[in-house]
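**Q** I need the structure of the sequence given here:
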Amino acid sequence: MSLSRRRFLTITAAVALAPASLRAQPVRHWTGQALGARASIRIDHPEAVAITARCLAEIDRLEGILSLYRADSALSRLNRDGALAAPPFELLDCLAQAGAVHRASGGLFDPTVQPLWALWAEAAAAGRRPTADERRAALARTGWDRVRLDAARITLEPGMALTLNGIGQGYVADRVAAALEAEGLDDILIDTGELRALGARPDGTDWPVHLAQGGAVGLRGRALATSAPLGTSFDGAGRDGHILDPLSGAPVVSPWRAISVSAPSAALADALSTAGCLAADRPALDRLLAGFTAARLEAAPRAA
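**A** Alright, predicted model coming up:
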């Protein structure tokens, strides 16, 4: 079962026009764990140590809201109890953005597939695939229209659960970028598995991003996300990918090897690249992106 977290968080930030006296300050380079993965933060700033500490505190705070890997997170408590009173703003905001992509994709992007994801993971751990009856039972516990969402309370129908895989990593990148920008950092590249660039590189050029499927994208004040249907799989053979079709309840059979999308925010790029893997053909992919005028398809190589 190949469900290991493969995200690698990297934050590179600098003062864009710092005088030479500040540039002479040592660069702070921290490595450790964040978002359930290896992490690296590199900051060129005279107060780099303090800024790094505040950055890590923000990541920890967001994990306490959005993570399925923490039993006490707001999302985990919502899934366990079926309701959450006075939900944190970040959870509401992330879910609202997920809902917008859900509508634009005709329901292909659906945060309520967590019961299906759990079913496939448990079956894979037992060395098998879910039966048709098991899939039907899990599908009966999904459906975005059955989520009640407002500032006072989030409510799920019995047996339902949400996942922010497909948008949460990008959302964290956006929030961390905002926190670093508030610190006066101008040239920032954040990689939470999805990329978020504020400004350009310190030398004024775009941040260069080389895509695993070939090609390159220059980022400046934008975000980039790539999703691959078989990038992570439930089974060791790599047949059953982690992106699930909310209509069939099975891993998507996608015509795309990967989808790369850029957008003003990493959360949007993340969600659109995931939804794009569920698009049946190029016209469907174009219709999805047409709902977000600032989003761009950067690469969509077809599966072999």
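**Q** drop to CA atoms for contacts and neighbour counts, all remaining ones
**A** Will do.
**Q** This structure: helices as residue ranges?
**A** For the chain, the helices defined by DSSP state H cover 20-23, 48-66, 74-81, 89-104, 114-125, 132-139, 168-182, 266-276, 282-290.
**Q** Most tightly packed of these?
**A** helix 266-276 (a mean of 30; mean count of other C-alpha atoms under 10 Å).
**Q** if you average pLDDT over that one, what comes out?
**A** For helix 266-276, the mean pLDDT works out to 96.
**Q** And stretch 162-175, by the same measure?
**A** In the prediction, stretch 162-175 has an average pLDDT of 92.
**Q** same check, this time on stretch 292-303
**A** 94.
**Q** Please point out which parts of that stretch sit buried.
**A** 295, 296, 297, 298, 299, 300 (16 or more other C-alpha atoms under 10 Å).
**Q** Would you mind pulling the contact partners of that stretch?
**A** Outside stretch 292-303, the residues that touch it by C-alpha atoms under 8 Å, 6 or more residues apart in numbering are 213, 217, 254-264, 269, 289.
**Q** Return the members of those residues classed as buried.
**A** The neighbour-count criterion (16+ other C-alpha under 10 Å) marks 217, 254-264, 269, 289 among the contacts of stretch 292-303 as buried.
**Q** For residue 136, state which of these is nearest.
**A** The closest of the buried ones among the contacts of stretch 292-303 to residue 136 turns out to be residue 254 (C-alpha to C-alpha; 21.1 Å).
**Q** how far does stretch 291-304 stretch from start to finish?
**A** Start and end residues of stretch 291-304 are separated by 29 Å (C-alpha to C-alpha, to the nearest Å).
**Q** Likewise for stretch 290-299?
**A** 16 Å.
**Q** now stretch 102-117
**A** 17 Å.
**Q** What lies in contact with that stretch?
**A** With C-alpha under 8 Å, 6+ apart as the criterion, stretch 102-117 contacts 98-99, 101, 135, 138-139, 141-144, 160-165, 242, 244-247, 249, 271, 274-275, 278, 288, 291.
**Q** Same question for stretch 79-91.
**A** With C-alpha under 8 Å, 6+ apart as the criterion, stretch 79-91 contacts 62, 65-66, 74-75, 77-78, 151-162.
**Q** Alpha carbons of it, in CSV - could you do that?
**A** What follows is stretch 79-91 as a C-alpha-only set of coordinates in CSV (Å, rounded to 0.1, in the frame of the first residue of the first chain):
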residue,chain,number,x,y,z
ASN,A,79,-16.1,14.3,10.8
ARG,A,80,-16.3,12.5,14.2
ASP,A,81,-19.2,14.4,15.6
GLY,A,82,-21.1,15.3,12.4
ALA,A,83,-21.3,19.0,13.4
LEU,A,84,-19.0,21.8,14.5
ALA,A,85,-20.3,24.9,16.2
ALA,A,86,-18.5,28.2,15.7
PRO,A,87,-16.1,26.8,13.0
PRO,A,88,-12.8,28.5,12.5
PHE,A,89,-12.7,31.1,9.7
GLU,A,90,-10.1,29.1,7.8
LEU,A,91,-12.2,26.0,7.7
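**Q** Could you check how far it is from the centre of its chain?
**A** Relative to the centre of its chain, stretch 79-91 is centred 19 Å away, using C-alpha atoms, centre = their mean, to the nearest Å.
**Q** again with stretch 205-222
**A** Here stretch 205-222 is found 18 Å from its chain centre; the criterion is C-alpha atoms, centre = their mean.
**Q** cool, and stretch 161-168?
**A** Worked out by C-alpha atoms, centre = their mean, stretch 161-168 lies 8 Å from the chain centre.
**Q** Quick one: end-to-end length of it, please.
**A** Note: stretch 161-168 ends 15 Å apart using C-alpha to C-alpha.
**Q** in the stretch 151-300 of the chain, which spans are strands?
**A** Secondary structure of the stretch 151-300 of the chain (DSSP state E, counting those that start in this stretch): strands at 153-155, 187-191, 195-198, 207-210, 216-219, 223-227, 259-263, 296-299.
**Q** Not counting the fifth one itself, show me its contacts.
**A** Read that as strand 216-219. Applying C-alpha under 8 Å, 6+ apart, the contact partners of strand 216-219 are 197, 200, 206, 207, 208, 209, 210, 211, 298.
**Q** JSON lines for the residues you listed, including distance to residue 48?
**A** Output for the contacts of strand 216-219, formatted as JSON lines (distance: C-alpha to C-alpha, whole Å):
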{"residue": "197", "distance to residue 48": "19"}
{"residue": "200", "distance to residue 48": "19"}
{"residue": "206", "distance to residue 48": "23"}
{"residue": "207", "distance to residue 48": "21"}
{"residue": "208", "distance to residue 48": "24"}
{"residue": "209", "distance to residue 48": "25"}
{"residue": "210", "distance to residue 48": "28"}
{"residue": "211", "distance to residue 48": "30"}
{"residue": "298", "distance to residue 48": "34"}
